[in-house]
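> predicted coordinates and the sequence they were generated for:
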Amino acid sequence: MFLKDYISDVFNATKSLLKGMRRTGYYFTHHKEIITQQYPEVKQALPERFRGEVVMPHDENNEHACTGCTACELACPNATIKIITKFDVTPDGKKKKALDTFVYHLELCTMCNLCVQACPTDAIKMAQTFEHSVYDRSRLTKKLNEPGSKIRAGVE
Amino acid sequence: MYRETQIIKHAQKASSNGGNLEEAGDLVINVGPQHPSTHGVLHLVITLHGETIKNVEPHLGYIHRSIEKMCESLSYRQFIYVTSRMDYLSSHINNHGCAMCVEKGLQVEIPPRAKVIRVLMDELTRLASHQLWWGAMAMDVGALTPFFHAFREREMINDIMEETCGARLTMNYMVPGGVMYDIHPNFQKRVKEFIEEFKKKIDEYDELVTGNIIFQNRMKGVGYLTKEDAISYGCTGPTARGSGVSCDIRKLYPYEVYDQVQFNEIIETDGDCFARYLVRMQEMRQSLSMVEQLIDNIPEGDFQAKTKAVLKLPKGEFYSKIETARGEFGVYIVSEGGTTPYRIKFRSPGFSNLSALNHMAKGYKIGDLVAIMGTLDLVIPDIDR
Ligand code: SF4
Ligand code: SF4
């Protein structure tokens, strides 16, 4: 009996191994099923919802939609955003709060999208970039509003 | 009874020889915190007698980020994203549990569409998590190829998530009141493609690993956990269901639309590593069938209920629980009526499952420890928080 069990064990083991090897052989001979991509040469387009970095879109007149309301700063869980405001003087002599600098610390951001959801004027959005590595950490602190930009007329 | 007497004996022995469990000829080795088979920064102090394990003592704290304390200073919208960093393989489900707890406090009813989307996302996450576990499990016991197979299928789920939620691992898609955005127009099509593809592949998984005699010999009869022990250690999820404990929150305390879909709670009674393996393999098929049932029946309507911009929970205590890929995940919020919680406590499945490790590994060989840990499906950030 012992010998019979032993032989059937060996037989079953070989069978199960060959079954597994058949899979391996299948992929070995079917090159079309290979799914790896050669990354730096071939870059896949990322879906439009992909959250890679917070950016502030500017239009062709170098105007943005940010009113400096700080809603995004309050919504952010890790103090990634710092809004510095200034007072603009409108033509009729009134003072109006406006954005001076939108400081964004990419190194603190967790891409949670809460700031974009909180913004009442859709002034910021998520960009589909992901290659964020730099040699110096200070370069990750960004100023999102471009120099000389101002708020688009009609955005309150 | 056996367990308790063992613990008392150990305690007595330890106190009689100055706190040390080992005797002459025993060897104490450290596995981890940087060891590939612990799947993270888990530190195990193992007392060995020859190759036989006498005691395993997990040391935690290497990835403690004090998430519970952190949550106390975050608002009810903000704290949800942190829970993706606990059990990162079930991040959707963690977020879902927290969102449910906040909704309980606010007493908002979420729209049917959001409910179905949430369940779909949960099941896809569970599939992705089990796929990764399967690959890692096989790799732990020495088969490298399955890892790549698992990642190939998991990539399809990740792509679906990326398209709809905007992220691949830490999605932050569940918000109080529903989900953050509506599903992507391609979502249904791509999920159906995935179902078709994965149905074929899961048979391939069985062919490649489940039937393999070497794999079975490593798993069968190793790491026994009896039903009583599973209950007394507080094990949940596939770990407990492999020992015959019925503990599926989706079945026992159905939330969202789990009472309307057809699925079986998978229970195996052997209590060894192979039983836990089989539970997870069959759970994948169940999840697949759940996704299949729901994908064509997403009701029309809103994907988010109207909630205030600043959420305030009434004074009181709120608890909700949910079945993650590893077991029961509980969220307990104590509110003083303000915008931030007074106290948050998470009951994470990994912590309780890990506590049974010493009991399961004792008496087996050191090589079996890897298999036992593999079937516990540990995610260390979930244990440490
Ligand atoms: S994505 Fe999240 S972490 Fe990043 S800036 Fe916005 S709110 Fe802050
Ligand atoms: S980006 Fe939006 S939320 Fe942030 S300050 Fe500007 S307008 Fe307000």
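Structure's in. What do you need? Ligands and ions are numbered 1, 2, ... in the order given.

> and the contacts of stretch B:224-234?
For stretch B:224-234, the surrounding residues in contact (CB atoms under 8 Å, 6 or more residues apart in numbering or on different chains) are B:3, B:235, B:239-240, B:242-245, B:269, B:271-272, B:352-353, B:355-356, B:359-360. C-beta: built from backbone N, CA, C; applies to glycine.

> so where's the longest helix in chain A?
With secondary structure taken from DSSP state H, chain A has its longest helix at helix A:2-29.

> in the helix or strand just after that helix, what's buried?
Following helix A:2-29 in sequence order, the next helix or strand is strand A:53-55 (DSSP states H and E). Under the neighbour-count criterion of 16 or more other CB atoms under 10 Å in any protein chain shown, strand A:53-55 has A:53-54 buried.

> which element follows strand A:53-55 toward the C-terminus?
Moving toward the C-terminus from strand A:53-55, the next helix or strand (DSSP H and E) is strand A:63-64.

> and the next element down the chain from that next one?
helix A:71-75.

> ok, now which ones touch residue A:43?
The contact partners of residue A:43, taken as CB under 8 Å, 6+ apart, number zero.

> how's chain A carved up into domains?
When chain A is parsed with automatic domain parsing, its domains come out as A:1-36, A:53-151.

> residue B:143: which of those is closest?
domain A:1-36 (8.5 Å; CB to CB).

> not counting its neighbours along the chain, what's nearest residue B:244?
Closest residue in space to residue B:244, ignoring its immediate chain neighbours: residue B:269 at 4.1 Å, by CB to CB, 6 or more residues apart in numbering or on different chains.

> and chain B, what are its domains?
B:2-59, B:67-384.

> and those domains, which is most packed in?
domain B:67-384 (a mean of 20; mean count of other CB atoms under 10 Å in any protein chain shown).

> start and end of that one, how far apart?
One end of domain B:67-384 sits 9 Å from the other (CA to CA, to the nearest Å).

> return the distance of it from the chain's centre.
5 Å (CA atoms, centre = their mean, to the nearest Å).

> and for stretch B:39-52?
Remark: stretch B:39-52 is offset 22 Å from the chain centroid, using CA atoms, centre = their mean.

> among the domains of chain B, which comes closest to ligand 1?
Closest to ligand 1 of those, according to CB to the nearest ligand atom: domain B:67-384, at 7.3 Å.

> so that closest one, near ligand 2 or not?
No. For domain B:67-384, no contact with ligand 2 is found by CB under 6 Å from any ligand atom; the gap never falls below 11.5 Å.

> any idea of the mean pLDDT for that domain?
For domain B:67-384, mean pLDDT rounds to 87.

> any bit of it sitting next to ligand 1?
No. Domain B:67-384 lies out of reach of ligand 1 by CB under 6 Å from any ligand atom, never closer than 7.3 Å.

> residue nearest the centroid of chain A?
residue A:52 (1.4 Å; CA atoms, centre = their mean).

> return the set of buried residues in the longest helix of chain A.
A:16, A:20, A:23.

> now for that helix, which elements pack on it?
Here helix A:2-29 touches helix B:213-219, going by 3 or more CB pairs under 8 Å, 6 or more residues apart in numbering or on different chains; DSSP states H and E.

> ok, and what's touching the helix it packs on?
By CB under 8 Å, 6+ apart, the residues outside helix B:213-219 that reach it are A:9, A:12-13, A:16-17, B:138, B:141-143, B:209-210, B:272-274, B:277, B:368, B:371, B:375.

> re earlier: quickly compare the domains of chain A and say which is most buried.
Across the domains of chain A, the average number of neighbours (mean count of other CB under 10 Å) peaks for domain A:53-151, which reaches a mean of 15.

> for that one, what is the distance to the chain centroid?
Centroid separation between domain A:53-151 and its chain, computed with CA atoms, centre = their mean, is 16 Å.

> what about it, start to end distance?
One end of domain A:53-151 to the other measures 22 Å (CA to CA).

> quick revisit: the domains of chain A: lowest mean pLDDT?
Least confident of the domains of chain A, judged by mean pLDDT, is domain A:1-36 with a mean of 79.

> and the strands in chain B?
With DSSP state E as the criterion, chain B has strands at B:26-31, B:43-49, B:52-59, B:174-175, B:178-179, B:316-323, B:328-335, B:343-347.

> check contacts around residue B:170.
Counting by CB under 8 Å, 6+ apart, residue B:170 has contacts A:110-112, B:81, B:84-85, B:88, B:91.

> closest to ligand 2 out of these?
residue A:112 (14.7 Å).

> quick one: contacts for the closest one?
Each residue near residue A:112 by CB under 8 Å, 6+ apart is listed here: A:51, A:77, B:81, B:170, B:172.

> switch to 7 Å and redo it
Applying CB atoms under 7 Å, 6 or more residues apart in numbering or on different chains, we find residue A:112 in contact with A:77, B:81, B:172.

> report the contact partners of the last one.
Just to be clear, that refers to residue B:172. Residue B:172 sits next to A:112-113, B:80-81, B:84, B:95 when contact means CB under 7 Å, 6+ apart.

> and chain A, which of its residues are near ligand 2?
With the criterion set to CB under 6 Å from any ligand atom, chain A comes near ligand 2 through A:66-72, A:83, A:118-119, A:121, A:123-124.

> pipe those into JSON lines and attach distance to chain B per row.
JSON lines is the format used below for the residues of chain A next to ligand 2 (distance: CB to the nearest CB, whole Å):
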{"residue": "A:66", "distance to chain B": "18"}
{"residue": "A:67", "distance to chain B": "16"}
{"residue": "A:68", "distance to chain B": "18"}
{"residue": "A:69", "distance to chain B": "12"}
{"residue": "A:70", "distance to chain B": "13"}
{"residue": "A:71", "distance to chain B": "8"}
{"residue": "A:72", "distance to chain B": "12"}
{"residue": "A:83", "distance to chain B": "17"}
{"residue": "A:118", "distance to chain B": "8"}
{"residue": "A:119", "distance to chain B": "12"}
{"residue": "A:121", "distance to chain B": "14"}
{"residue": "A:123", "distance to chain B": "17"}
{"residue": "A:124", "distance to chain B": "14"}
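
> and those residues, which is closest to residue B:305?
For the residues of chain A next to ligand 2, the closest approach to residue B:305 (CB to CB) belongs to residue A:118, at 17.5 Å.

> residues contacting the closest residue to the closest one other than its chain neighbours?
What sits nearest to residue A:118 in space, not counting adjacent residues and going by CB to CB, 6+ apart, is residue A:75, at 3.6 Å. By CB under 7 Å, 6+ apart, the residues touching residue A:75 are A:114-115, A:118.

> and the strand with the most length in chain A, which strands flank it?
The residue-count maximum for a strand in chain A (DSSP E) belongs to strand A:95-105. Pairing partners of strand A:95-105, with direction, according to DSSP bridges: strand A:81-89 (antiparallel), strand A:141-143 (antiparallel).

> can you give me the helices in the stretch 151-300 of chain B?
Under the criterion DSSP state H, counting those that start in this stretch, the stretch 151-300 of chain B contains helices at B:187-205, B:213-219, B:227-232, B:237-241, B:249-252, B:273-295.

> now tabulate those helices in CSV and tack on distance to residue B:334.
Listed next are the helices of the stretch 151-300 of chain B as CSV, based on distance: least, CB to CB, whole Å:
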stretch, distance to residue B:334
helix B:187-205, 37
helix B:213-219, 43
helix B:227-232, 27
helix B:237-241, 26
helix B:249-252, 22
helix B:273-295, 33
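
> and residue A:38, what is it in contact with?
By CB under 7 Å, 6+ apart, the contact set of residue A:38 is empty.

> distance check, it against ligand 1.
To ligand 1, residue A:38 is 31 Å away according to CB to the nearest ligand atom, to the nearest Å.

> per-residue pLDDT, that residue?
83.

> then the one 10 residues further on?
Note for residue A:48: predicted pLDDT of 85.
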